[in-house]
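**Q** what shape does this take:
(chains A and B)
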Amino acid sequence: MDFDLMVEVTPLLIRAAWVTIDISSRAIFFGFFVACGLVFLQTFRFAPIRWFARGYISVIRGTPYFVQLLLVFYGGPSLGLRLDPITCGVVVGAFNIGAYMSEAIRGSIESVDKGQSEAARSLGFGKVQTMVSIVLPQAASLMIRSVGVLAIVLIKNSSLVSIISVVELTYQAQRLIGSTYKPLEIFTLSALMYIIIIYAVMGIIELAYRRATRYTTQ
Amino acid sequence: MEFDFTPVVTYFPTLLKGVGVGSLVAIAVALMSVVGGLVVAVISIYTKKVVSWPLRFFIWLFMTTPLLLQLYFLYFGLGEWILIPAIVVGILGLGFHYMAYNADIFIATIKSVSDGQYEASRSLGFGHWNTILYIIVPQAFIRSIPQLGNNMILMVKDTSVLSAIGVAELVYASQYAISVSFRPFEFFIVIALMYYVINILMELGQAWLERQTAYRR
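**A** This next block holds a predicted model:
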């Protein structure tokens, strides 16, 4: 282990780690809205709208994230869609995680016993009110965990953005390995940074989970 | 905005060759990760901490870092010692990655097989390792099939990432054709479609396999 080198490259890797955090957090943020939109579209009476949402989810989940990224970044310009690499990473990430997240949200809402919403409706709650104050609080505990897992997957997948030349953690690590020929040192450091980021996210998820379940007895 | 799919038709044999290489890699990785994952899980449950803790550490390390970083590490790390073809690095990298994920599943399912099974088997005269091999592992394996299927579907999609280290699978095979035809959109749409078809076939296969083994669970 060459510790001098490790000290020397740490600032570079930390700066790259910030790019990873930046891209991932923005993708997760926008992805949440995509997911809510997809869940909403699936509640429409008009069948073609529901088919569109189902089809979108199926195609996104059935093709590799890597290919989606390449398609939008290199193929986008022929549709008049020119995005800079970081924006492209955020947009593709958001639309990708949105499809997975909508399934997680829908699943957690459906896991709430139907009797709950029926009881609420018969007690005079409106449709929206039933959703907001009866169903969602009960779905929250499951939703937080499953959305959290997806967020962690997205952070790991954000490494693929390096392929369209965004200087994030994996790109920087690859470049440093190539220039220093010290794969073990660079790998240790960059793996450590991913682990710190992921554990921080896991901590946030755990806090949110505890807050969502603070009134439930178990 | 005009689409021209003729270059895709011209280079279709190249793409098919890429599918072939990708399938070869996927089959090798599936074998390696399922068999390896089972061995790792059994060892990390039934041996002393000296052996099991390093294994658990590797499972944890492979699950908390991105695949691409692991691939770069293997590619450059191994490249320092010996010259091996990219496809071998790709199989090893993807294999170790999914070995960790599969081992994680096997650990959970092996623990879910009730202790009564072990005790009954021992009282019937099976030895410790024979019980594990003939009684516990087969039951755990059947229970793992749904999750293993999910992992393998994810793995097939991840073979596309191997193009980053120069494995000649579908995405990599299209690079040359794209660079001479300047039609990236058409090529990537067709590639995405091919992955989608493969994915649907795998999901059907998984559903079939689950139906076939459902009565044993």
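
**Q** low-confidence regions, chain A specifically.
**A** Residues of chain A that meet the criterion pLDDT under 70 lie in A:217-218.

**Q** oh, that last question was meant for chain B, not what I typed.
**A** Checking chain B against pLDDT under 70 turns up B:1, B:217.

**Q** could you check which residue of it lies nearest chain A?
**A** Chain B approaches chain A most closely through B:F185 (3.2 Å), counting by CB to the nearest CB. For glycine as for every other residue, the C-beta is placed from the backbone atoms N, C-alpha and C.

**Q** which strand or helix spans that residue?
**A** Element membership for B:F185 (DSSP states H and E) is helix B:184-213.

**Q** which positions within that helix qualify as buried?
**A** B:184-192, B:194-196, B:198-199, B:202-203, B:206 (16 or more other CB atoms under 10 Å in any protein chain shown).

**Q** the residue of chain B closest to chain A contacts B:D4, correct?
**A** No. Contact status for B:F185 versus B:D4: not in contact, 9.8 Å apart, counting by CB atoms under 8 Å.

**Q** what does chain B put close to chain A?
**A** B:1, B:3, B:61, B:64-69, B:72-73, B:76-77, B:80, B:157-158, B:160-161, B:163-164, B:171, B:178, B:183-189, B:191-192, B:195-196, B:199-200 (CB under 8 Å from any CB of the partner chain).

**Q** setting aside sequence neighbours, what's the nearest residue to A:A173?
**A** Residue nearest to A:A173 in three dimensions, not counting chain neighbours: A:S190, with 4.0 Å by CB to CB, 6 or more residues apart in numbering or on different chains.

**Q** what sits against the residue in chain A positioned nearest to chain B?
**A** Closest contact between chain A and chain B, by CB to the nearest CB, is at A:G75 (3.2 Å). By CB atoms under 8 Å, 6 or more residues apart in numbering or on different chains, the contact list for A:G75 reads B:184-189.

**Q** let's see that with 6 Å instead.
**A** Each residue near A:G75 by CB atoms under 6 Å, 6 or more residues apart in numbering or on different chains is listed here: B:184-185, B:188.

**Q** could you redo those residues as JSON lines and give each row distance to A:Q172?
**A** Converted to JSON lines, these look like this (distance: CB to CB, whole Å):
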{"residue": "B:P184", "distance to A:Q172": "26"}
{"residue": "B:F185", "distance to A:Q172": "29"}
{"residue": "B:F188", "distance to A:Q172": "26"}
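
**Q** of those residues, closest to A:I105?
**A** Closest approach between those and A:I105, by CB to CB: B:F188, at 28.9 Å.

**Q** so that closest one versus B:I198, what's the distance?
**A** Note on B:F188: its distance to B:I198, by CB to CB, to the nearest Å, is 15 Å.
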